[in-house]
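>>> What follows is a predicted protein model with its sequence.
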Amino acid sequence: MKDIAVIGLGKFGYSLAVAYAEEGGSVLAIDTDEEKVQEIADVVTYAARADVADPEVVKNLGLENVDIAVIAITNNMEAAVMATILSKELGVPEVIAKANNEIHAKVLTKVGADRVIFPEKDMGIKLAKNISLSKFTDIIDLKDDFSIIETKVPKNWVGKNLSELNPRKKYGFNVIAMRDGERLLVNLDPLEPFRQDTSIIVIGRNNLVEKVF
């Protein structure tokens, strides 16, 4: 796993740092609030209280050793901008910055952010998709028009197998896995019939997938 730094321990930054650390990743967590730093110190690899608007302070944090820096500061644009600039100057390969609005996003992009994200907006869009496509149990957006989708096996597929259905040729998408209870099966037998109580995971363009499911 890549080594990351999370700068700014608000709700988004804190949850990201904890989740990544719990997955086994190395996390450098930074914030100006001593209480937040102490709270996360036992969870992440290293936690530091620092003012990222101060270049000399930032240079001593070890940012040059991480693969990705996530700038999760949204209540102080100056600090977010400085953290982005300094991360790039120190040679961080990828800088991901959180923005509150489009103006904030443009500024962060101008000063070197490789990617700008709107976590609340992005989650809202994903939730809307899941509600509108309620037959899908989960959606992972790969691009605007391309997704990985988990859904129940269609009734007209029950009793048939991948070989005879040939979804890639007939429908333009691939079945990449099947879920049977808690088991995720990725090496599918093309001759094994689908059962009613299983789910399938498919990858393809949204418009083609929605025609079938």
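Cool, got the structure.
>>> What's the first helix or strand after the lowest-mean-pLDDT helix or strand in the chain?
Of all regular secondary-structure elements in the chain, judged by mean pLDDT, DSSP states H and E, the least confident is strand 136-143 with a mean of 54. Counting by DSSP states H and E, the next helix or strand C-terminal to strand 136-143 is strand 146-152.
>>> any idea of the mean pLDDT for that following strand?
The average pLDDT for strand 146-152 rounds to 79.
>>> Same question for stretch 80-89.
pLDDT averaged over stretch 80-89 gives 93.
>>> now do stretch 46-61
If you average the pLDDT values across stretch 46-61, you get 88.
>>> Counting neighbours, which bits of it end up buried?
Taking 16 or more other CB atoms under 10 Å as the neighbour-count basis, stretch 46-61 is seen to contain the buried residues 47-48, 50, 52-53, 58, 61. The way it works is simple: take the backbone N, C-alpha and C, and place the C-beta from them, glycine included.
>>> taking those residues as a set, which two sit the farthest apart in space?
Maximum pairwise distance in those, criterion CB to CB, is 18.6 Å, between Ala47 and Ala53.
>>> And the buried residues of stretch 46-61, which is closest to Pro119?
Distance from Pro119 was checked for each of these by CB to CB. The minimum falls on Val52, at 19.3 Å.
>>> Tell me, how many residues neighbour Glu192?
Glu192: 12 surrounding residues under other CB atoms under 10 Å.
>>> Contacts only, for the nearest residue to it once chain neighbours are set aside.
For Glu192, ignoring the flanking residues on the chain, the nearest one in space by CB to CB, 6 or more residues apart in numbering is Asn161 at 5.8 Å. Applying CB atoms under 8 Å, 6 or more residues apart in numbering, we find Asn161 in contact with 189-194.
>>> Please apply the same query to Met1.
Met1 is in contact with 20, 23-26, counting by CB under 8 Å, 6+ apart.
>>> try Pro93
When contacts are taken as CB under 8 Å, 6+ apart, Pro93 is in contact with 67-68.
>>> Next, it: phi, psi?
phi -60, psi -40 (degrees, to the nearest 10).
>>> Model confidence score at it, please.
On pLDDT, Pro93 comes in at 95.
>>> how close does Asn75 get to Tyr14?
The span separating Asn75 from Tyr14 equals 14 Å under the rule CB to CB, to the nearest Å.
>>> more crowded one of these two?
With neighbours defined as other CB under 10 Å, Asn75 and Tyr14 compare such that Tyr14 has more, 20 against 9.
>>> Ile40 is in contact with that one, correct?
Yes - with contact defined as CB atoms under 8 Å, Tyr14 and Ile40 form a contacting pair (6.4 Å).
>>> Domain boundaries for this structure, per the record?
According to automatic domain parsing, the chain is divided into the following domains: 4-118, 132-212.
>>> Do me a favour and get the end-to-end distance for the first one?
Using CA to CA, to the nearest Å, one end of domain 4-118 lies 19 Å from the other.
>>> can you pull out the strands in the chain?
With DSSP state E applied, the chain shows strands at 4-7, 27-31, 46-49, 68-71, 94-98, 115-117, 136-143, 146-152, 174-180, 183-185, 199-205, listed in chain order.
>>> Just name the most buried of the ones you listed.
Neighbour counts averaged per stretch over the strands of the chain are highest for strand 4-7, at a mean of 28; criterion: mean count of other CB atoms under 10 Å.
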